[in-house]
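Engineer: Here is the input, now give the coordinates:
(chains A and B)
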Amino acid sequence: MELTVTDLACARGGVTVLAGVSLTLPAGRALVLRGPNGIGKTTLLRTVAGLQPAVSGRVLAAPESLTYAAHADGLKAALTTRENLAFWAAIHGQGGVEDALTALNLTGLQDRPAQHLSAGQKRRLGLARLLVTGRPVWLLDEPTVSLDAASVALFGQVLRGHLAKGGAALIATHVDLGLDEAGVLDLTGFRAQSRSLGGVFDEVFA
Amino acid sequence: MTALLLRDLRLATRAGGGFGLGLAFFLLVAVLVPLGVGPEPALLARIAPGILWVGALLACLLSLDRIFALDFEDGSMDLLAIAPIPLEGVVAVKALAHWLVTGLPLTLLSPVLGVLLNLPGPGYVWLVLSLALGTPALSLIGAFGAALTVGLKRGGLLLSLLVLPLYVPTLIYGAEAVRRGVDGQGAPTALLLLAGITAGAAALLPFAAAAAIRVNLR
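Structural biologist: This is a model prediction of the structure:
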C-alpha cells in the first residue's frame, strides 16, 4: 500500500506543465505539494488519480487504493447530508456513515439538504466522503478552501488519524495543516522546459 | 450500482429533478396536433402512430442533457470514474434510470393519448408494446450523445443534432409496428427489429459512452 510516481510528466490543455516528477509515499506518511498557481498541482493530482493520462512516466499504486477530493465536492443539492454520504459509502461498498459524520462535526446537520449548507459545511461534507470510501491513499486538492480555523484543525486531526491507521495523503495546499511529520515537495523545480516561456508570459499579464 | 440507480431516481423525483416535464410535453404534443390539423377523425387515426412516436421521442430528448451534465458540473463524475464500479456500468445504470423516469411513464401514458388522437382499437396493444421495446434504445442512444457533449457549455442543442439522426431507425420501426398493428398486418417483424436495435444499443453504447466520458474528463 504505497504510492510510487516515477519520472512523471503531465499536461494541461495539451501543454506539458510538469516533467520528471518522482515521489514515493509510504503508508502512514503525508506529502504536501507546494508551488505557485498554475504550476500543475491539480494536474499532477488528477494524473495520479488516473483521471487523465500521463504524458510519460508511471504511477504505481495498489488497485483501487486511491481517492480524490477536489474543488467540486460531488454533492447533490437535493439530497441531505446523510444521503449524500450514504451514497458514496454504498458505491464504495462501505457500511455506516456515523463515524464520518462525527469526525467532521456534521451530526447536527445530517438531515439538512446540501443546498442549505454553507460553503464551509459543504467542504466538510466533501471531506467526510474521504472517510467513507475506505481507501488508503487520499489525493487532496486544496482541502481547506472555505474552512474556518476550527474546521482546519478538525480536518488536521482527521488526517492525522488516517495516517496513524496506515493511510497516506498527497496534499496540494497553501495552508499549514499542522502536520509536522509531513514531507514537502516543491514543484517549482519540475516545471517543464517548454513551459518556461509561457510562465514568463503569465507573470507579465498577472 | 443499486445505490446509483436509487440516487438517480430519488434526484429525478425530488423538487427540481425534472420528472414529469417530459410527460407534460408528450401530453401537450398530443393535444396540440388535433388542434393543428383539424378535427377529422379519419386523418387523425391515420397519423396517430407517427405523432405518438415523434412525441415520445422528443419528450425523451428533453431530459437527455441532464444524464451526465449535472454529475459533471458538481464533480461527482470524477469521483464515479475512480469508484469501484466500472464507468460502463455507471453509464448503463444512468441510462436505465433515465428510462425509468421518462420512457416507462411515456409508455404507460401513451394509451390515454392514443384516445386523444383517435388511434384505432387494434393499435393500442402495439403502441404500448412498441414503446416498451423502443424507448430503452432512446435512453441508451441519448446517454451516448450526452456523454459526447458532457463537457460543453450549452451542449444541449448539439446533443439534439447528434442524437436525432440516430433515433431514425427506432422511430421508423416503432411507428411502423403500430401502423401495421392498426391495419392488421404483421406487426411482430417491426417489433423484432425494434427489439434488435434496443439490444444492440444496450450491448455496445455503454462502452462507447464510457470512452467518451473518459476523454471529456481530461
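
Engineer: Share the number of residues neighbouring residue 81, please.
Structural biologist: All of this is about chain A. 26 (other CB atoms under 10 Å in any protein chain shown). From N, CA and C alone the C-beta is placed, and that goes for glycine too.

Engineer: was after chain B, sorry
Structural biologist: For B:Ala81, using other CB under 10 Å, the count is 18.

Engineer: same deal with A:Glu181?
Structural biologist: Neighbours of A:Glu181 (other CB under 10 Å): 9.

Engineer: just checking, it touches A:Ala30?
Structural biologist: Yes: the pair A:Glu181 / A:Ala30 is scored as a contact, 7.2 Å apart, by CB atoms under 8 Å.

Engineer: Need the residues touching each of the two.
Structural biologist: Counting by CB atoms under 8 Å, 6 or more residues apart in numbering or on different chains, the contacts common to A:Glu181 and A:Ala30 are A:Leu163.

Engineer: where along chain B do the helices fall?
Structural biologist: Taking DSSP state H to define them, one finds helices in chain B at B:2-13, B:21-37, B:41-62, B:66-73, B:76-81, B:87-98, B:104-116, B:123-148, B:155-183, B:188-217.

Engineer: Hmm, A:Ala128 and A:Asp99 touching each other?
Structural biologist: No: under the criterion of CB under 8 Å, A:Asp99 makes no contact with A:Ala128, lying 9.3 Å away.

Engineer: With neighbour numbers in mind, choose between those two.
Structural biologist: The residue with more neighbours, out of A:Asp99 and A:Ala128, is A:Ala128; 26 against 12, by other CB under 10 Å.

Engineer: Provide the contact partners of the strand or helix carrying that one at residue level.
Structural biologist: Taking DSSP states H and E as the criterion, A:Ala128 maps to helix A:119-133. Helix A:119-133 has contacts (CB under 8 Å, 6+ apart) with A:67, A:69, A:73-75, A:81, A:84-85, A:88-89, A:92, A:94, A:97, A:99-101, A:103-106, A:109, A:114, A:117, A:138, A:140, A:143-148, A:151, A:154-155, A:158, A:162, B:79.

Engineer: just how off-centre is that helix within its chain?
Structural biologist: 11 Å (CA atoms, centre = their mean, to the nearest Å).

Engineer: which residues touch the residue in chain A that chain B sits nearest to?
Structural biologist: Residue nearest to chain B within chain A: A:Ala72 (2.6 Å; CB to the nearest CB). Applying CB under 8 Å, 6+ apart, we find A:Ala72 in contact with B:73-75, B:78.

Engineer: Packed most tightly, which of the helices of chain B would that be?
Structural biologist: helix B:123-148 (a mean of 26; mean count of other CB atoms under 10 Å in any protein chain shown).

Engineer: now the helices of chain B as JSON lines including distance to chain A and mean pLDDT?
Structural biologist: What follows is the helices of chain B, written out as JSON lines (distance: least, CB to the nearest CB, whole Å; pLDDT from 0 to 100):
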{"stretch": "helix B:2-13", "distance to chain A": "3", "mean pLDDT": "87"}
{"stretch": "helix B:21-37", "distance to chain A": "15", "mean pLDDT": "91"}
{"stretch": "helix B:41-62", "distance to chain A": "19", "mean pLDDT": "91"}
{"stretch": "helix B:66-73", "distance to chain A": "8", "mean pLDDT": "88"}
{"stretch": "helix B:76-81", "distance to chain A": "4", "mean pLDDT": "90"}
{"stretch": "helix B:87-98", "distance to chain A": "9", "mean pLDDT": "94"}
{"stretch": "helix B:104-116", "distance to chain A": "20", "mean pLDDT": "92"}
{"stretch": "helix B:123-148", "distance to chain A": "16", "mean pLDDT": "94"}
{"stretch": "helix B:155-183", "distance to chain A": "18", "mean pLDDT": "92"}
{"stretch": "helix B:188-217", "distance to chain A": "5", "mean pLDDT": "94"}
